[in-house]
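Need coordinates for the following:
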Amino acid sequence: MERDLELGVKLHPTEVVSSKGVAVIEFDIESPPDNPRGCPPTFSQVVFYRDEKIHRLHWYLPPRPVGESRWESGLV
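Below is the predicted model:
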């Protein structure tokens, strides 16, 4: 993620739902003009807290359309 931010990717939080032990944050992702398909358009982050510190963090990315992943493009 740090490298993506250095390359000009911008994250825009769109929704936050939080309670004492968990927070869900949804983001829109703005990719730089020179690499518009470098990142998915959105993602969700789920954060679990224990003793007021982040204990676990999960990212959920939407699936890419068939034929658009970097891995698939290397198969052709």
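
quick one: the strands in this structure?
Ranges of strands in the chain, per DSSP state E, are 10-18, 22-30, 42-50, 53-60.

Now render those strands as CSV, adding mean pLDDT.
Output for the strands of the chain, formatted as CSV (pLDDT from 0 to 100):
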stretch, mean pLDDT
strand 10-18, 95
strand 22-30, 95
strand 42-50, 95
strand 53-60, 94
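
right, and those - which one's nearest Glu2?
Between Glu2 and these, the tightest spacing by CB to CB is seen for strand 10-18, at 12.0 Å. Using the backbone N, CA and C atoms, a C-beta is placed for each residue, glycine as well.

so what does that closest one touch, helix or strand wise?
strand 22-30 (3 or more CB pairs under 8 Å, 6 or more residues apart in numbering; DSSP states H and E).

got the angle for the strand it packs on vs strand 42-50?
150 degrees (axes from the mean of the first three to the mean of the last three CA atoms, to 10 degrees).

Tell me which other helices or strands strand 22-30 touches.
Using 3+ CB pairs under 8 Å, 6+ apart, strand 22-30 is in contact with strand 10-18, strand 42-50.

right, so those strands: which one is the most enclosed?
Counting by mean count of other CB atoms under 10 Å, strand 42-50 has the highest mean neighbour count of these, with a mean of 14.

Isn't Ala42 up against Phe27?
For the record, residue 42 is Thr, not Ala. Yes. The pair Thr42 / Phe27 is scored as a contact, 6.4 Å apart, by CB atoms under 8 Å.

joint contacts of those two?
Thr14 (CB atoms under 8 Å, 6 or more residues apart in numbering).
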